[in-house]
Every structure is written in C-alpha cells, then in structure tokens.
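**Q** missing the sequence, but the structure's below:
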C-alpha cells in the first residue's frame, strides 16, 4: 500500500487543505497549536538564562524578543489560515520561488529536529529517573515511542491534545501553587546564582544578547502553521472568534511564552533554595523538589513529576515530529521527485533526533539556538516582509500567494536572495568578523537585512519573478488529475501540456521528466495581462507545442 494515498496518514501534506478535510473547530485547532506551552524546554532554558544573566536581564530580553517576533508570526499565521497551506508552501509564494523555498524547508526541518531532540532528552531524563534505565537507552525509548503517536497525524493529535490538557493544567497548577506559597517566593524569583547571588545589574548588551538568542522562536510559527492550515473558514458574522483563534493558535504563543517565563522562574527560584542550580534546571528534578514540598514524600513527588514531564514532552514532541515529517516531505519531494508519504519521514525525523540526543544536545542547546537564530530569523523576517511590505503596503508583488510549481519560477531573488544575504552577513558577524558586540547581536543583523532587502529587490526586479504563468481554471470546484486520477480542489490544480490535462500540485512536484516545459525562461517572465490559453501564456503554449 502506498502510504501517500492514505488520507488518515497524509493530512494533505504538500497540498492545499480542502474544506472537506478541515472538519475541526477553530478552538480544537487552537488546543493542538498550544501544545508548545507544555514544553519543558522553556523551564530548562529559562533557568539557564537567569542563572547566566540574571532575572532582570532575562525578563527584558524575553520581552524584547516577544515584541519583535509577535508581528512577524502574526503575518505568517493569518496568511496560512486564510490560504490553508503550510509554511513551506507559503514561503514559495512569498518571494522564494519553487526551488528557492527548498532551503527554508531544510531550515524549518532543522528547527523541529533541534527541539524534538532537546525535548526528547528531557523526557529521557524522566524515564531514567523512574526506571533506573541507562540514559542512552532511555533516548532510544523516547524516540521510538513517538512513531506510533505521530504516524496518524491530525486525526490522532487533535484528540490526544484535547483530552490531556485538563490533566496537564491540574499538574502544573499544583506545582505553581506549591512554589508560590513557599516563603519569599518573589525573592526566590529575582535572586540569581550569577557571581554568587544577588540582583545582577541590567545592561543593554545582556538584554539584547538574550533577545537575540530568543529570535529563533520566530520559526515556531511553522509548527503552529501546520495546524492552522487546517482551520475551518470563518463563519459570516463570527469572524472575530476566528481571528482570535488564529491569533492565540499562532503568534499568541509568544505572549504565553512570557507567562511560562514567570512561572518557570518562580518554580526554579524555589527549587534552587533546595538543590543546586544544575539540578534545578533539569525539569524532573525541578518538579520533584516542588511537589515534595506539598506531598512530604520524595518518592511520591518523583512519580508525580515524572507523570507531568512525560505528559508534557509527549504533547510537544507530537508537534515536533509531525511538523518535521511535513518539512522533510516538502524538502525531499523537490530534491528526489518522489513522495513515498508523510509517514515515511516520521522515521527519518525520529532517527535524526536520536542521533542528536546521543550527541548530548541537552547540554549544548543555548549554543545551538544562538547559531540557529541567525538563519531562522532571516527566513521568517523575509517572508513577513514580503507579505506585509511588498504585497500590502507597496504592492510590488502579486497579492496572491502562489505555491504550485507550474506557476512559479524556480528561484525568486526577492525572498531567497534576501535570506541568503541576511544569513551570510549575520553568520559572519556571529563568528566575529565585525567585533564582539556584533557577534552577540548577530541575529538582529539578520533581522534588519531580511526586513529591508525584500522590498528593495522587489522594486528593482519590478516583481516579475513571482508568477511564471497565468491560469484559466475556474475559480472553485474540483478537477481530476491526469497523473494520479484523483480529484482535488481547483486551488491545488494546474494545466499541464506535458500530460495533456490538469495536474495536482503533488504530481506536478514529483514530475521529473517535463523539464518545466510549461513555463517561460526565467529571463523572460510573463508580463501582466498577457493572453492565456489552457493555463499558459499564448507564446509559451505555442513554444511547447512546437517543441512537442
């Protein structure tokens, strides 16, 4: 059986998600999107930042990062929810081109992989704590268990996330209440173990160094988007609820991240009065100490802590594994011209995460994120710049977001060029080419370049690299695919002279022999208003027939 033909496994990966599949309510989608809030990575990372830079620097750094990433995520979230396509398909039409977005698929896959491995390492700590199993064997256990939980995609994920939220809220609520009712809870939060304790002086460099590392979180909108693409269309007269659902399911996670910061510093602050900062930074140790204050029994507290950590990590790693499988699907379909099915890439995602766990990503996560932030923010900022500045404000790019290979040039210099330039310059800064300060703030260099350069390049190229050809297909309905013989929404279809009919976007993506004969030379883009026949500009259609 071809896994790609199983709708329960595929979730319309690489495709437009039709209304017939989008049966979940907006708030069911939000419940799935908010799985990121359960991540124990926040507790461990926040503890690391506070212990290195102090509470004042950390809270301001996180706030700066939130203010910057929220509008970037907002632009992508609403585009994904309206167009019902994932972040990879959105990137294609937001200035990158069909093959240009292949690079961002790899960037996105890397993001999901980093956090799948990091969260998995935390999960493995809990398994080892309760079972005594060697940590390296625990890595294998927590990796393998994600396969059956993720293969069935949204069909299983939506139910699991909804059913487990009440349990998680109760468990985390008990922990917060325990730390909040301990003696001097606020003092515990703001005191730091930096340089022996006390309140650390707030400095601009420290604040922006923390914010720079946190800019990597902007790539989280990709994972949110993998669920937001499945949201139902807004009901007339109730668009306000739909907008709220998209906001809280997408960029709203940045706001909730600030709540997690205060909750984690409260918990860690109390735990550090009982154990060393190193132990308090490990979630299973952290919650064992917190629960022990209420239960008065170490073993009972350990069991409760393990239940919370395992539940939290399964929730977030379902998202990390699912999103990773989608991004690998996008990447390899364009590289190999094959799509064996999204479920196949679940195994790759899990296998690579196991390698990273064995390489001890847990103790190197801050370094990894500081490096990744340069590339991740360049990608998301370039997409947001095109969606907001180029399409809405300056109107120098087409208003539609085109994702079909048949209608796109392979590379659009506007988004792709901006990301490459921003990434190269910021990575040079990261490695010290422009001094120590620029090295610490290199993601901000990527951010500024990726925001400013797209409109400059769009004006310089007159927006002629976005759309390779027009279309004469009807506005709605379904059409048959001449290759796979399935019927798909017209939004997912294109006319194909090579196969002499209409073709779905997936079959078009994996077609390796047509040599893009349906499109003009990239050096002679289609002009606005050029006559179209069978989805092709007249001159392109004539050339194709002549070649045949």
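**A** Yep, that arrived. What you see is a predicted model; the values in this text were computed from it and never measured.
**Q** going forward, measure contacts and count neighbours with C-alpha atoms only.
**A** Fine.
**Q** Touching, residue 414 and residue 459? I think so.
**A** No. With contact defined as Cα atoms under 8 Å, residue 414 does not count as touching residue 459 (9.2 Å).
**Q** Can you pull the residues that touch both of these two?
**A** Shared contacts of residue 414 and residue 459 (Cα atoms under 8 Å, 6 or more residues apart in numbering): none.
**Q** contacting residues for residue 446?
**A** Taking Cα under 8 Å, 6+ apart as the test, what residue 446 contacts is 374, 375, 377, 378, 422, 423, 425, 426.
**Q** Please determine how far it is located from residue 220.
**A** For residue 446, the distance to residue 220 equals 17 Å [Cα to Cα, to the nearest Å].
**Q** Next up, the contacts around residue 28.
**A** 158, 162.
**Q** Tell me how confident the model is about whichever helix or strand it is part of, as a mean pLDDT.
**A** Element membership for residue 28, per DSSP states H and E: helix 26-33. Mean per-residue pLDDT for helix 26-33: 85.
**Q** What residues of it count as buried?
**A** 26, 27, 28, 29, 30, 31, 32, 33 (16 or more other Cα atoms under 10 Å).
**Q** Touching, residue 322 and residue 149? I think so.
**A** No. The criterion here is Cα under 8 Å, and residue 322 misses it with residue 149 at 9.3 Å.
**Q** Compare these two and say which is more crowded by neighbours.
**A** A direct count of neighbours by other Cα atoms under 10 Å for residue 322 and residue 149 places residue 322 higher, at 28 against 18.
**Q** Before we move on, what's the pLDDT of the residue nearest to the more buried one when sequence neighbours are not counted?
**A** Distance criterion Cα to Cα, 6 or more residues apart in numbering; nearest residue to residue 322, sequence neighbours excluded, is residue 150 at 5.9 Å. Looking at residue 150, its pLDDT is 86.
**Q** and if you look at the one 10 residues further on?
**A** Predicted confidence (pLDDT) at residue 160: the value is 86.
**Q** go on, residue 486?
**A** 88.
**Q** That one touches residue 480, doesn't it?
**A** Yes. Using Cα under 8 Å, residue 486 is in contact with residue 480, at 5.7 Å.
**Q** Of the two, which one has the most company?
**A** Using other Cα under 10 Å as the criterion, residue 486 and residue 480 rank with residue 480 on top: 17 against 13.
**Q** isn't that one right up against residue 488?
**A** Yes. Using Cα under 8 Å, residue 480 is in contact with residue 488, at 6.5 Å.
**Q** overlap in contacts of those two?
**A** Shared contacts of residue 480 and residue 488, counting by Cα under 8 Å, 6+ apart, come down to residue 504.
**Q** Am I right that residue 409 sits in a helix?
**A** No. Under DSSP: H, G, I helix; E, B strand; the rest coil, residue 409 falls outside any helix and is assigned coil.
**Q** So what does it look like in phi/psi?
**A** Backbone torsions of residue 409, given as degrees, to the nearest 10, read phi -70, psi 160.
**Q** what's the answer for residue 248, then?
**A** phi -70, psi -30.
**Q** Contacts only, for it.
**A** So residue 248 contacts residue 30 (Cα under 8 Å, 6+ apart).
**Q** do the one 5 residues further on as well
**A** Residue 253 is in contact with 34, 36, 37, counting by Cα under 8 Å, 6+ apart.
**Q** Do you know the pLDDT at it?
**A** 82.
**Q** Equivalent analysis for residue 243, please.
**A** On the pLDDT scale, residue 243 gets 90.
**Q** Counting neighbours, what do you get for it?
**A** So residue 243, with other Cα under 10 Å, has 15 neighbours.
**Q** Pretty sure it sits in a helix.
**A** Yes. If the criterion is three-state DSSP, then residue 243 is within a helix.
**Q** With that, I have no additional questions.
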